[in-house]
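**Student:** Quick one: sequence plus predicted model below, questions after.
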Amino acid sequence: MRKPIIAGNWKMYKTFDEATQFLEAVRDQIPTEDKVDAVICAPALYLPTLVGIAADFDLAIGAQNMHYENEGAFTGEISPAQLSSINVDYVILGHSERREYFNETDETVNKKVAAALTAGIVPIICCGETLEERESGKTEQKVSGQIKAALNGFTAEQVEHMVIAYEPIWAIGTGKTATADDANQVCGAIRNVVEQLFNKDCAEKVRIQYGGSVKPENIEELLSKEHIDGALVGGASLQVDSFLALVNKAIS
Ligand SMILES: O=C(CO)COP(=O)(O)O
């Protein structure tokens, strides 16, 4: 049985005060039983403060990106070693917005996954197809290619602790959710790829999230499906009430 993981991706939203107030508000309401992993992936600027606030309750803090080198002349970048030095637990890698606007490629995602492992940070590896790819029947081909590239060079023991997020690009921030059955089918295809590349045990252990217009109203149906182990949530993770509702629904 895989433990569900609900991760909020705040993207480039919230001021510092809004971010700290969110965590203070969540502090006393987050479920204490160990039945769900709740994560907030915040703007890098706030990570040390948020890690400090969340240290005494059940919320993990993640970054939204990082470089693959631990140090160097890379102005404006943040390294895996720097993230781990402030006890960041997770990092989102290969989000479609980074692939589209910031030249993230399958190759850099693969290097970043390796760097995250070395730094002891759990990667949340994103994949997903465009509307055009979906409509031309290329969804599984696209997603399998991204996952094969991202997982190239690792062992089953490493991969089983990673998180994969299937986020169809056309469903991100649009209010259009893939149907639970469609999302489950693609998540199942990803699990098959993991089984082919590694083994059945690894495929059964790796957690696969769905992302794209997830909200309290649709999360239960998504999570009721065999291959969907959680959600990577943008808009609905920005309000305390909806984030908590998502986390609570993941355990009920
Ligand atoms: O991109 C996403 C999470 O990484 C999804 O965003 P929305 O939940 O706002 O559609």
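**Tutor:** The structure has been received and is ready for your questions.

**Student:** Outside of stretch 231-249 itself, list whatever touches it.
**Tutor:** 6-11, 13-14, 22, 25-26, 29-31, 36, 38, 40, 92, 124, 126, 165, 167, 172-173, 209-211, 213-216, 219-220, 222-223, 250 (C-beta atoms under 8 Å, 6 or more residues apart in numbering). For glycine as for every other residue, the C-beta is placed from the backbone atoms N, C-alpha and C.

**Student:** and that stretch, anywhere near the ligand?
**Tutor:** Yes - judged by C-beta under 6 Å from any ligand atom, stretch 231-249 comes into contact with the ligand at 232, 233, 234, 235, 236.

**Student:** quick one: the residue in the stretch 101-250 of the chain positioned nearest to the ligand from residue 10, how far?
**Tutor:** Relative to the ligand, the nearest point of the stretch 101-250 of the chain is residue 234 (2.4 Å; C-beta to the nearest ligand atom). According to C-beta to C-beta, to the nearest Å, residue 234 and residue 10 sit 8 Å apart.

**Student:** At which residues are the strands of the stretch 51-200 of the chain located?
**Tutor:** Applying DSSP state E, counting those that start in this stretch to the stretch 51-200 of the chain gives strands spanning 60-63, 90-93, 122-127, 163-166.

**Student:** Same list, those strands, but as a markdown table with mean pLDDT and mean neighbour count please.
**Tutor:** Below are the strands of the stretch 51-200 of the chain laid out as a markdown table (pLDDT from 0 to 100; neighbours: other C-beta atoms under 10 Å):
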| stretch | mean pLDDT | mean neighbour count |
| --- | --- | --- |
| strand 60-63 | 98 | 23 |
| strand 90-93 | 98 | 26 |
| strand 122-127 | 98 | 27 |
| strand 163-166 | 98 | 27 |
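
**Student:** Now distance to residue 49 too, for those, in CSV please.
**Tutor:** What follows is those, written out as CSV (distance: least, C-beta to C-beta, whole Å):
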stretch, distance to residue 49
strand 60-63, 10
strand 90-93, 17
strand 122-127, 21
strand 163-166, 24
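
**Student:** Tell me which of those strands lies nearest to residue 99.
**Tutor:** Proximity to residue 99 (C-beta to C-beta) singles out strand 122-127 among those, at 8.2 Å.

**Student:** What is the closest one packed up against?
**Tutor:** strand 90-93, helix 106-119, helix 139-150, strand 163-166 (3 or more C-beta pairs under 8 Å, 6 or more residues apart in numbering; DSSP states H and E).

**Student:** which of these sits most buried?
**Tutor:** strand 163-166 (a mean of 27; mean count of other C-beta atoms under 10 Å).

**Student:** Neighbouring strands - and their directions - for that strand?
**Tutor:** Strand partners for strand 163-166, identified by DSSP bridges, are recorded as strand 122-127 (parallel), strand 207-211 (parallel).

**Student:** check whether the last one contacts the ligand.
**Tutor:** Yes - remark: strand 207-211 sits within contact range of the ligand at residue 211, by C-beta under 6 Å from any ligand atom.

**Student:** Just the residues contacting that strand, thanks.
**Tutor:** Taking C-beta under 8 Å, 6+ apart as the rule, strand 207-211 contacts 2-5, 7, 9, 124, 126, 128, 163-167, 171-172, 178, 183, 187, 190-191, 222, 227-234.
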